[in-house]
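Visitor: Can you look at this prediction? I've put the sequence above it.
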Amino acid sequence: MLKGVFPHILRTPCAHGIVVEYDEEIHKAKKFGKTRQDKIRNDFLTLYSFYKQKKNLRTLFMSTKWNESTYSKETLGKEVARHIISPFFWNDVVQALRVGGPLIHVLRMVDGEKKPPMGYIYEAMDEGQRKY
């Protein structure tokens, strides 16, 4: 029944395992435990928070207070300011959020305390592909 609605779906007993396997392959990770999954989610949420504060961050790094601070004269401070001000950085952030958002959504569904019906997971995966 689901195959008719979602013909592109690969049938697997554990969709979460496939996602984890692909991620391990990409990142060459030896172990992909709960802490690694949490780190990925936290990194994504941090990136999303940065994006929500884009205007404030750019204002901060272009302010006279920043230019007068000791951090603005350090190598790391200059590098951070260069990235925050760069439109290329923000374009990459948007791209990462578009690609990672649907994946994080599906991982959250799979890792939830209740086991969601597979139909909801397939629907979320299909929606994620359409958004991207």
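Guide: That came through, no problem. Note that this is a predicted model, so its numbers are computed, not measured. Numbering: from 1, shown residues only.
Visitor: Pull the helix or strand encompassing Asn56 out as CSV, backbone CA atoms only.
Guide: Assigned by DSSP states H and E, Asn56 belongs to helix 54-61. What follows is helix 54-61, C-alpha atoms only, in CSV (Å, rounded to 0.1, in the frame of the first residue of the first chain):
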residue,chain,number,x,y,z
LYS,A,54,21.8,37.0,11.6
LYS,A,55,20.9,40.7,11.7
ASN,A,56,22.0,41.1,15.3
LEU,A,57,25.3,39.3,14.7
ARG,A,58,26.1,41.3,11.6
THR,A,59,25.3,44.5,13.5
LEU,A,60,27.5,43.5,16.4
PHE,A,61,30.5,42.7,14.3
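Visitor: Can you pull out the residues in contact with the helix or strand just after that helix?
Guide: Downstream of helix 54-61, the next assigned helix or strand under DSSP H and E is helix 64-68. With Cβ atoms under 8 Å, 6 or more residues apart in numbering as the test, helix 64-68 has contacts from 60, 72, 81. C-beta here means a position set from N, CA and C on the backbone, and glycine is covered the same way.
Visitor: which ones are touching Phe61?
Guide: Contacts of Phe61 (Cβ under 8 Å, 6+ apart): 80-81, 84-85.
Visitor: Could you rerun that using 7 Å?
Guide: Each residue near Phe61 by Cβ atoms under 7 Å, 6 or more residues apart in numbering is listed here: 81, 84-85.
Visitor: Same question for Glu127.
Guide: Pro102.
Visitor: Swap in 10 Å and give it another go.
Guide: 102, 105-106 (Cβ atoms under 10 Å, 6 or more residues apart in numbering).
Visitor: Next step: those residues restricted to strands.
Guide: Among those, no member is found in strands (DSSP state E).
Visitor: residue boundaries of the helices in the protein?
Guide: Secondary structure of the chain (DSSP state H): helices located at 2-5, 15-27, 34-52, 54-61, 64-68, 75-85, 87-111, 118-131.
Visitor: Brilliant, that's me finished.
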